[in-house]
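Student: Quick one, fold the following:
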Amino acid sequence: MKSSFFRRTCLGAALLIGSVPGQAQAPVVIKVEVENAVNYWTDVSDVSKLASVTNATTGVSRVAFETVAGIYDIVAVNGRPVKGTVAWNARNLNLGSTQAPGQSIADVTRNGLAQYYFEFLQPDGTSIGAIMVSSFNGGAAPPGSPVAPGAAASQAITGGTGAFLGARGQSTQGANTVAVRQASMSEDPANRRTNGGGKTQFILQVIPEQRPQVVLTANGPAIVHASTNQLVTAADPAQAGETLVLYATGLGPAKGVELGQPFPASPPAPVIAPVDVTVNGSSAFVFYAGGYPGAVDGYTVNFTLPSSVVSGMASLQLAAAWIPGTEVKLPIR
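Tutor: Numbering: from 1, shown residues only. This is a model prediction of the structure:
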């Protein structure tokens, strides 16, 4: 791509887009599917016996003040195959309004306090980033959370790393497809997948620090024909199956580049987040998304339009790490 195009039409427009995030926007719903979910309870006083049993074990009854650690495999996000791990730890409190032995008398009904860590990886193992959550486990889902069967726990998103840097919001846990297995800490977690565990879902309402946006120019979105480097316009529209390049902001960190530093000309700096382009709701084939040389928050995304796209003004939406940007209109012939 010719550097003059980006500098002339995109960098100035990016400043306008940068003024938008202060406006109120709905949180992004990220549904995290997990498998091999096992909770390990602290029922072992002799440390030499921790993680010493090969076969599956059974967790003890959850009494007040007991602690637990859970390890789950992330397998999908919003239906897209993903790798990663959910790790969490908690102290059981048995909060409730009924006075009974082992029950912590309280106005709220919750199991206890917990901290969750969601770390996401691309299918090839490349890191995407992490989301941190503080939680009141058990009981009702937080007010305003998505309606989901079996939703429980009141969880606050307290931060993130990588593609989720600065994230905030709230979350809840959905119903189990297969009950989470309760195990003893005497069980060796090396055999967690072999011994098996539960399947469940977490529903995260994420308010991102920034959202991906297609740069806007005076003549429309900054999307060019890959073959000519000319802006796609009503007079020079795109066509089904064509390869295009769009210019964007807000795609987050790139591999090998410290935040706040300009992207290098060589080697290329692909972004760490999974990037999606949809056109009229259909997925385009994205084969590169990376930092524009010399820019700090400027990116190029190379993609091929779906062959099924019909002529007219199409709606195009850019997303990074499952966080969507504002739709733009793209003329198709």
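
Student: can we go C-alpha only for contacts and neighbour counts from here?
Tutor: OK.

Student: and Ile332, what is it in contact with?
Tutor: The contact partners of Ile332, taken as Cα atoms under 8 Å, 6 or more residues apart in numbering, are 237-240, 309-314.

Student: mind running it again at 7 Å?
Tutor: With contacts defined as Cα atoms under 7 Å, 6 or more residues apart in numbering, the neighbours of Ile332 are 237-239, 310-314.

Student: now the residues you listed as JSON lines including pLDDT?
Tutor: What follows is the contacts of Ile332, written out as JSON lines (pLDDT from 0 to 100):
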{"residue": "Pro237", "pLDDT": "97"}
{"residue": "Ala238", "pLDDT": "97"}
{"residue": "Gln239", "pLDDT": "96"}
{"residue": "Val310", "pLDDT": "95"}
{"residue": "Ser311", "pLDDT": "95"}
{"residue": "Gly312", "pLDDT": "96"}
{"residue": "Met313", "pLDDT": "97"}
{"residue": "Ala314", "pLDDT": "97"}
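
Student: Any of the residues you listed buried? List them.
Tutor: Buried by 16 or more other Cα atoms under 10 Å: 237-239, 314, out of the contacts of Ile332.

Student: So which of these sit within strands?
Tutor: Ala314 (DSSP state E).

Student: which of the buried ones among the contacts of Ile332 lies closest to Ser283?
Tutor: Lowest distance from Ser283 to the buried ones among the contacts of Ile332 (Cα to Cα) belongs to Ala314, with 12.7 Å.

Student: Which residue comes closest to the closest one once chain neighbours are left out?
Tutor: The spatially closest residue to Ala314, leaving aside those adjacent along the chain, is Leu330, at 5.1 Å (Cα to Cα, 6 or more residues apart in numbering).

Student: how much space between the one you found and Leu305?
Tutor: The gap separating Leu330 from Leu305 is 11 Å, by Cα to Cα, to the nearest Å.

Student: cool, Arg62 as well?
Tutor: 54 Å.

Student: Gly125: neighbour count?
Tutor: 11 (other Cα atoms under 10 Å).

Student: Mind checking what secondary structure it has?
Tutor: Following DSSP: H, G, I helix; E, B strand; the rest coil, the label given to Gly125 is coil.

Student: Which of the contacts of Ile332 sits closest to Ile157?
Tutor: Ala314 (35.0 Å).

Student: can I assume the closest one is in contact with Val279?
Tutor: Yes. Using Cα atoms under 7 Å, Ala314 is in contact with Val279, at 6.5 Å.

Student: As a check, name the ranges of all helices in the stretch 101-250 of the chain.
Tutor: Along the stretch 101-250 of the chain, counting by DSSP state H, counting those that start in this stretch, helices occupy 192-195.

Student: just for it, where's the confidence low?
Tutor: Across the stretch 101-250 of the chain, nothing is flagged by pLDDT under 70.

Student: Val178: neighbouring residues, count only.
Tutor: Counted with other Cα under 10 Å, the neighbours of Val178 add up to 13.

Student: and what of Pro331?
Tutor: Pro331 sits with 19 neighbouring residues when counted by other Cα under 10 Å.

Student: now do Lys31
Tutor: A count of nearby residues for Lys31, using other Cα under 10 Å, gives 21.

Student: Got the domain ranges for the chain?
Tutor: As recorded under automatic domain parsing, the domains making up the chain are 3-21+211-332, 28-207.

Student: Could you check which of Arg62 and Leu305 is surrounded by more residues?
Tutor: Leu305 (22 against 19).

Student: residues touching the residue lying closest to the more buried one once chain neighbours are set aside, list them.
Tutor: What sits nearest to Leu305 in space, not counting adjacent residues and going by Cα to Cα, 6+ apart, is Gly241, at 4.7 Å. Gly241 is in contact with 304-307, counting by Cα under 7 Å, 6+ apart.

Student: Ok, Pro324 next?
Tutor: 211-212, 317-318.

Student: Tell me which two in those are the farthest apart.
Tutor: Farthest pair in these, by Cα to Cα: Arg211 and Gln317, 11.6 Å.

Student: State the distance from the closest residue to Leu50 other than its chain neighbours to Arg193.
Tutor: Closest residue to Leu50 apart from its sequence neighbours, by Cα to Cα, 6+ apart: Ser186 at 4.4 Å. From Ser186 across to Arg193, the span is 16 Å (Cα to Cα).
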